[in-house]
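Asks: Starting from these lines, generate the structure:
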Amino acid sequence: MLKVNQELDVMVLDVDQDRERISLGLKQCTENPWNSIAEQFPVGARVSGKVVNLAAYGAFVEIAPGIEGLVHISEFSWTKRVARASDMLNVGDEVQVAVLSVDAENQKIALGIRQTQDNPWDSVQDRYPVGSRVKGKVRNFTAYGAFVEIEDGIDGMIHVSDMSWTRKINHPSECLQKGQEVEAVVLDVNPKEQRISLGLKQAQTDPWTEIAAKYAVGAIVKGKVSKIASFGAFVELEDGVDGLVHISQISDQRVEKVKDALDVGQEVEARVVKVDRNERRIGLSIRAVNMTEEEVRALESDSADTAAAPATTAGAESLGGLGAAFDEAFQNVEWQPGEAETK
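Replies: Presented below is the predicted three-dimensional model:
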């Protein structure tokens, strides 16, 4: 700023006779721009500036000679997740910024880049109305769902409860993979919270509308053990439907632990003893496969009274009794299709 032999007008700031020193000021000869900074750069104003420095938390932008403001990384973009300022800007870049706040006393100005652009969340309800179908790529998992990118920087979340009609998904990786293209239905849009709820199963036909007819009580079915719980084994039937074989219905012999009698992946044959369309549950019995036709007919005649009748013991020998035993088993077990305890 200065050269040797250059003549200057300066202001005397202090005289120290003991130390024989005089303190001078150059800037005091001109008006302090921070005194009128609020008028020069009112909140909401859009100005051009140059990036003069980068920090991990943001970028310093010079909007007037000697006047710098900070753009925090949270103010870079409406949708992109910015980890470092250097991921988006370089020193020397010319940028458009909006004034967010002015603190003249502490000589600080907060600036924003995203405020100079349209916020895509303001019109997200118009682009993705509830009930519409969208396609996107699975970007990430959490314990409770999967995030699907439906446009650049806009994610929707599929909760595990909205992934399958036929089974409860304990973790999204059970039915989805990162990078997978999926089609889903928009369930809810909250622009204020920047959240979109999606449903995977809602984009598919609910198979339970036909399951009750397909899996009649008394029918013998084949399937593969998909999960083992402390109270029984889940058997995957056709159409991705799971039925439950209660531990009491695995064998005529007493079974202490399910894993001692069945293995995951094992193919089994079982008889349908209960179909609850409302609760989306199918009760199966392996031990009932060899029951006589008379016992099967007994079930068919008793099934209408099963809900009203007192629950029988788990060791009941008639199919009607097995259906009631299935109900009794779930009085103490909170279960939805596909849920399994790990014990």
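Asks: Contacts only, for Asp122.
Replies: Neighbouring residues of Asp122 by CB atoms under 8 Å, 6 or more residues apart in numbering: Pro191. C-betas here are computed from N, CA, C, even on glycine.
Asks: Check the secondary structure at it for me.
Replies: Using DSSP: H, G, I helix; E, B strand; the rest coil, the structure places Asp122 in helix.
Asks: now Leu237: how far from Ala270?
Replies: Between Leu237 and Ala270 the computed distance is 9 Å (CB to CB, to the nearest Å).
Asks: out of the two, which sits in the busier spot?
Replies: More crowded of Leu237 and Ala270, by other CB atoms under 10 Å: Ala270, with 26 against 21.
Asks: Within the helices and strands, which one has the more buried one?
Replies: strand 267-276 (DSSP states H and E).
Asks: Now do that strand, average pLDDT.
Replies: Averaging pLDDT along strand 267-276 yields 88.
Asks: chain center to that strand, what's the gap?
Replies: Remark: strand 267-276 is offset 34 Å from the chain centroid, using CA atoms, centre = their mean, to the nearest Å.
Asks: neighbours around Ala261, how many?
Replies: Using other CB under 10 Å, Ala261 has 17 other residues around it.
Asks: no no, Val255
Replies: Count around Val255 with other CB under 10 Å applied: 19.
Asks: from what I can see it touches Val245, true?
Replies: No - using CB atoms under 8 Å, Val255 is not in contact with Val245; the gap is 10.2 Å.
Asks: re the thing from before, run the angle between the helix or strand following the strand holding Ala270 and strand 267-276 for me.
Replies: Later in the chain than strand 267-276, the nearest helix or strand by DSSP H and E is strand 281-285. In terms of direction (axes from the mean of the first three to the mean of the last three CA atoms, to 10 degrees), strand 281-285 departs from strand 267-276 by 130 degrees.
Asks: Strand 281-285 - what's its average pLDDT?
Replies: Strand 281-285 comes out at a mean pLDDT of 87.
Asks: Confirm that Glu294 sits in a helix.
Replies: Yes - judged by three-state DSSP, Glu294 forms part of a helix.
Asks: for the chain, which spans come out with low pLDDT?
Replies: 239, 293, 295-343 (pLDDT under 70).
Asks: Show me the domain layout of it.
Replies: Residue ranges for the domains of the chain, per automatic domain parsing: 45-116, 121-203, 208-331.
Asks: okay if I get these as a markdown table plus distance to Cys29?
Replies: Listed next are the domains of the chain as a markdown table, based on distance: least, CB to CB, whole Å:
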| stretch | distance to Cys29 |
| --- | --- |
| domain 45-116 | 14 |
| domain 121-203 | 48 |
| domain 208-331 | 81 |
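Asks: closest one to Met11 among the ones you listed?
Replies: domain 45-116 (17.6 Å; CB to CB).
Asks: Off-centre distance for the closest one?
Replies: 31 Å.
Asks: Quick one: end-to-end length of it, please.
Replies: The straight-line separation of the ends of domain 45-116 (CA to CA, to the nearest Å) is 10 Å.
Asks: quick one: contacts for the residue lying closest to Ala83 once chain neighbours are set aside?
Replies: Take Ala83 and drop its neighbours on the chain: the residue closest to it by CB to CB, 6 or more residues apart in numbering is Ile73, 7.5 Å away. Ile73 makes contact with Tyr57, Gly58, Val82, Ala83, Arg84, Ala85 under the criterion CB under 8 Å, 6+ apart.
Asks: Can you list phi and psi of Ile73 for me?
Replies: phi -60, psi -20 (degrees, to the nearest 10).
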